[in-house]
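Trainee: Coordinates for the following, if possible.
(2 chains)
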Amino acid sequence: MARAIGINHVALEVGNVDEALAWYSRFVDFELRGKRSAMAWIDLGDQLIALSAGRRQGPDEGRHPRAGRR
Amino acid sequence: MRAGTLGLVVDDKEAVRAALADAGVAVASSGGLRFDDPWGNSIEIVDYRDVQFTKAPAILSVLAPEGLAKTEAARAELARKASRVIDEEEHPGDPEACSLKASSSAVHADRSFISMLAGGKRQSIGQSNAVAQLSGHAHALPADGHDISGSQLAPSARVDLAVDGHCAVLHERARLAARIGQARELQQLAETDRLLADRNLARVRRAVHRPIIAAGGAALQRS
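Mentor: Model (predicted):
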């Protein structure tokens, strides 16, 4: 059985990609690897975060781990 | 189904905290830094220096050319993990074997990490530099085989890193030991698991550096 060893990318659903890029760029400096109308990819060197338009679900709730974060 | 929390690693958590506070985003004044973005994504900001998550040296040298050192606690945790990996390989089924050497290994690994996280720019005289071999960025790292002045030598680049002959192999297998005449690979501690499985550094180079080399927008999923 294959062993999970890392994360290549994570996708965040947002309402609007351009608005999300503008919002996050107020707090963190990042390099944009690519962008389309409904998707943007933020470069993290050997990883990436994707921002995907069209979030419909409610806000995340109580999902922060309290232990074992590292 | 709700989206999960994202732990985003940054080089300066407190700078993010200040920026969030200035923008009116509700965040704690100290400790954990968590917030929700306007679309409901729950984000936790984590400082690179505090966590085990470790970038490959050449990648880090691009992201943080000035260097980004792990905290003592984080380095100790990483060193202990590396020692466990080596022990398991050298003494399968014997968890007690060489466990007493973990502390000395941790010391060396700490020093290695200091060197590695300083940007991998150091190498010892007469040694080839595994980081340089791995790097696709000539501007970021010294060319392979170039000697540098003694003042630039990293503490980890010593000839006596293996303090105990009984477990000298630990250092060798973890690339902790930098010995004269050997390729210096100790900066690759963060890649210990990868290198233990595959000594072919050329393959590692291709796997690790392709995304950076290809930076410019084309290859999105090649890492």
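
Trainee: which residues touch residue A:23?
Mentor: B:37, B:38 (CB atoms under 8 Å, 6 or more residues apart in numbering or on different chains). No exception for glycine: its C-beta is placed from N, CA and C like everyone else's.

Trainee: Is the residue of chain B found nearest chain A in a helix, a strand, or coil?
Mentor: Closest to chain A within chain B is residue B:40: 3.1 Å, counting by CB to the nearest CB. Three-state assignment for residue B:40 (DSSP: H, G, I helix; E, B strand; the rest coil): coil.

Trainee: Could you find the closest non-adjacent residue to it?
Mentor: Sequence neighbours aside, residue A:59 is the residue nearest to residue B:40 in space, at 3.1 Å (criterion: CB to CB, 6 or more residues apart in numbering or on different chains).

Trainee: The one you found contacts residue B:43, doesn't it?
Mentor: No. With contact defined as CB atoms under 8 Å, residue A:59 does not count as touching residue B:43 (11.4 Å).

Trainee: if you count what's nearby, which of the two comes out ahead?
Mentor: Between residue A:59 and residue B:43, counting by other CB atoms under 10 Å in any protein chain shown, residue B:43 is the more crowded of the two (23 against 14).

Trainee: Name the helix or strand for that one, please.
Mentor: strand B:42-47 (DSSP states H and E).

Trainee: hmm, that strand in reach of chain A?
Mentor: Yes. Figure legend: strand B:42-47 in contact with chain A (CB under 8 Å from any CB of the partner chain); contacting residues B:42, B:44, B:46.

Trainee: Listing partners with orientation, what would you give for that strand?
Mentor: According to DSSP bridges, strand B:42-47 forms sheet pairs with strand B:6-10 (parallel), strand B:33-36 (antiparallel).

Trainee: Is it possible to get those out as TSV so that each row also shows mean neighbour count, distance to residue B:26 and mean pLDDT?
Mentor: Shown next, in TSV, are the strands paired with strand B:42-47 (neighbours: other CB atoms under 10 Å in any protein chain shown; distance: least, CB to CB, whole Å; pLDDT from 0 to 100):
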stretch	mean neighbour count	distance to residue B:26	mean pLDDT
strand B:6-10	18	17	93
strand B:33-36	18	7	94
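
Trainee: ok, residue B:71 - contacts?
Mentor: Here residue B:71 is in contact with B:49, B:50 (CB under 8 Å, 6+ apart).

Trainee: Same check on residue B:46?
Mentor: Contacts of residue B:46 (CB under 8 Å, 6+ apart): A:69, B:7, B:8, B:9, B:10, B:13, B:33, B:53.

Trainee: tell me the two of those that are most distant?
Mentor: B:33 and B:53 (15.5 Å; CB to CB).

Trainee: Could I get the residues of strand B:42-47 next to chain A in TSV, plus columns for distance to residue A:23 and pLDDT?
Mentor: TSV is the format used below for the residues of strand B:42-47 next to chain A (distance: CB to CB, whole Å; pLDDT from 0 to 100):
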residue	distance to residue A:23	pLDDT
B:42	15	92
B:44	17	94
B:46	19	95
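
Trainee: just these now: which is nearest residue A:44?
Mentor: Nearest member of the residues of strand B:42-47 next to chain A to residue A:44, counting by CB to CB, is residue B:46, at 12.6 Å.

Trainee: Name the residues linked to the closest one by a beta bridge.
Mentor: residue B:9.
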